[in-house]
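>>> Any chance you can model this:
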Amino acid sequence: MPILKTIKSRRSIREFKDKPVEQSKIIKILEAGRWAPSGLNNQPWKFVVVRDKEVRSKLAECTESDDVVLGAPVNIAVFLDKGREYNRIKDIQAIGACIQNMLLEVHDLKLGACWLGEILNQRTKVEKLLGVSKKLELMAVIAVGYPKAKKRRGSRRSLRSQIIKNYSIKN
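Model prediction:
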């Protein structure tokens, strides 16, 4: 699929079938994230894959999107490895690119995903629950699974309304 078509057709999925996601697909999703650009190629991301129903249940208690976390057979927590930081803003941007790569791979695999950000309000609780090092900082949780059949349309403001200035080359 042409990349722009992939980007335009991807949607956040919040309802999933009760069907496990194959390990091979999870590996492909993590590979996509791993190949994101990062400053100085420092690759500041770390992942925790959560399939266990009991852990997912405790994770769901950390967010208002508890139904999404519980409904997804897989949740992937994405962390910033502060031990690999060279510039906080640049590294957080790299994590965003990593997550976007993962979401596009999810879509390409005919799976669905939702990037959960509100869970960051309980970041410390999630980090403790998942037993990660203090040098890891939660950036997001991605809920992944087979989507329930529900097509949603996307919309965006016009491109013209989002361009502040256009310094075109003059001949």
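
>>> residues contacting residue 136?
By C-beta atoms under 8 Å, 6 or more residues apart in numbering, the residues touching residue 136 are 46, 79, 80, 81, 82, 127. C-beta coordinates here come from the backbone N, C-alpha and C atoms, glycine included.

>>> for residue 116, that is, sorry about that
63, 65, 68, 69, 140, 141, 142, 143.

>>> that older thread, out of the contacts of residue 136, which one sits closest to residue 29?
The shortest approach to residue 29 among these belongs to residue 46, at 14.5 Å (C-beta to C-beta).

>>> looking at it, that closest one is touching residue 82, isn't it?
No - counting by C-beta atoms under 8 Å, residue 46 stays clear of residue 82, with 10.2 Å between them.

>>> quick one: which of those two has more around it?
More neighbours surround residue 46 than the other of residue 46 and residue 82, with 19 against 14 (other C-beta atoms under 10 Å).

>>> quick check, the more buried one in a helix?
No - counting by DSSP: H, G, I helix; E, B strand; the rest coil, residue 46 is not part of a helix but strand.

>>> give me the number of residues near the residue lying closest to it once chain neighbours are set aside?
Nearest residue to residue 46, sequence neighbours excluded (C-beta to C-beta, 6 or more residues apart in numbering): residue 79, at 4.4 Å. When neighbours are defined as other C-beta under 10 Å, residue 79 has 23 of them.
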